[in-house]
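# I would like to see how this sequence folds:
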Amino acid sequence: MSLVAKRLEELGITLPPPAKPVATYVPFKRVGALLFVSGQLPFGPDGRIAPEHLGKLGPHASLDAAGEAARLCAIALVAQAQAAVDDLDRIAQVVRLGGFFAVEGACDELAKAMNAASSVMCAVFGAPGVHARTTVGVACLPLGAIAEVEAIFEIRA
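Residues are numbered from 1 along each chain as shown. Next comes the predicted model:
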């Protein structure tokens with residue numbers, strides 16, 4: 001069993017089947033040693049987005065649902081990475097995460113919600129999971145999701 005597979009088991013994380021694109025794009029693209037994974041939505045184990053992971057965050061919204069949505073997005077990113085490279089031990093490092101949250105008006109604490117996605121990467125990959133990151137609020141996201149997260153990984157030869 002690979003080291004990353006063992007970590008996933010220890011963390012109680014079961015990777016879902018990689019989500020199919022919801023529009024005209026590919027789920028991942030490799031360029032040299034970099035693997036770009038398209039934005040992932042917070043699909044649950046049933047392949048649907050739970051009602052609490054739909055809609056928009058407002059100025060006084062609880063970030064709990066947004067954090068859980070970002071966590072699900074990060075797990076989906078790992079699933080896509082596994083589909084791309086087969087063995088997750090081939091991931092040398094997580095280079096960057098980009099987090100997008102649907103907001104209505106100001107929402108100043110999006111970075112806290114995005115921490116849930118970052119925490120998944122650090123827990124799954126250890127020190128190589130520490131990454132650069134961007135977190136932004138947007139007017140809307142595909143399928144009405146509250147969060148979407150994309151990633152760039154460096155792959156070992």
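
# the longest helix seen in the chain - contacts with which helices or strands?
Using DSSP state H to assign secondary structure, the helix with the most residues in the chain is helix 64-85. On a contact count with 3 or more C-beta pairs under 8 Å, 6 or more residues apart in numbering; DSSP states H and E, helix 64-85 meets strand 28-31, strand 34-40, strand 91-102, helix 110-125, strand 147-155. Yep, even glycine has a C-beta here, placed from its N, CA and C like the rest.

# what about 10 Å?
With contacts defined as 3 or more C-beta pairs under 10 Å, 6 or more residues apart in numbering; DSSP states H and E, helix 64-85 has these neighbours: helix 3-11, strand 28-31, strand 34-40, strand 91-102, helix 110-125, strand 147-155.

# so which of those comes closest to residue 50?
Taking C-beta to C-beta as the criterion, strand 147-155 is the member of the helices and strands packed on helix 64-85 that comes nearest to residue 50, at 11.7 Å.

# circling back to that earlier point, save the helices and strands packed on helix 64-85 as TSV, and put in distance to residue 139 and mean pLDDT too.
Converted to TSV, those look like this (distance: least, C-beta to C-beta, whole Å; pLDDT from 0 to 100):
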stretch	distance to residue 139	mean pLDDT
helix 3-11	34	96
strand 28-31	26	98
strand 34-40	15	98
strand 91-102	7	98
helix 110-125	14	97
strand 147-155	13	98
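
# deepest of these, which one?
Per residue and on average, the most neighbours among the helices and strands packed on helix 64-85 fall to strand 147-155, with a mean of 23 (mean count of other C-beta atoms under 10 Å).

# now for it, which elements pack on it?
Applying 3+ C-beta pairs under 10 Å, 6+ apart, we find strand 147-155 packed against strand 28-31, strand 34-40, helix 64-85, strand 91-102, helix 110-125, strand 132-138.

# what lines up beside it in the sheet?
Using DSSP bridges, the neighbouring strands of strand 147-155 in the sheet come out as strand 34-40 (antiparallel), strand 91-102 (antiparallel).

# any idea of the pLDDT on the spatially most central residue of the chain?
For the chain, the residue nearest the mean C-alpha position is residue 74 (2.5 Å; C-alpha atoms, centre = their mean). Taken from the predicted model, the pLDDT recorded for residue 74 is 98.
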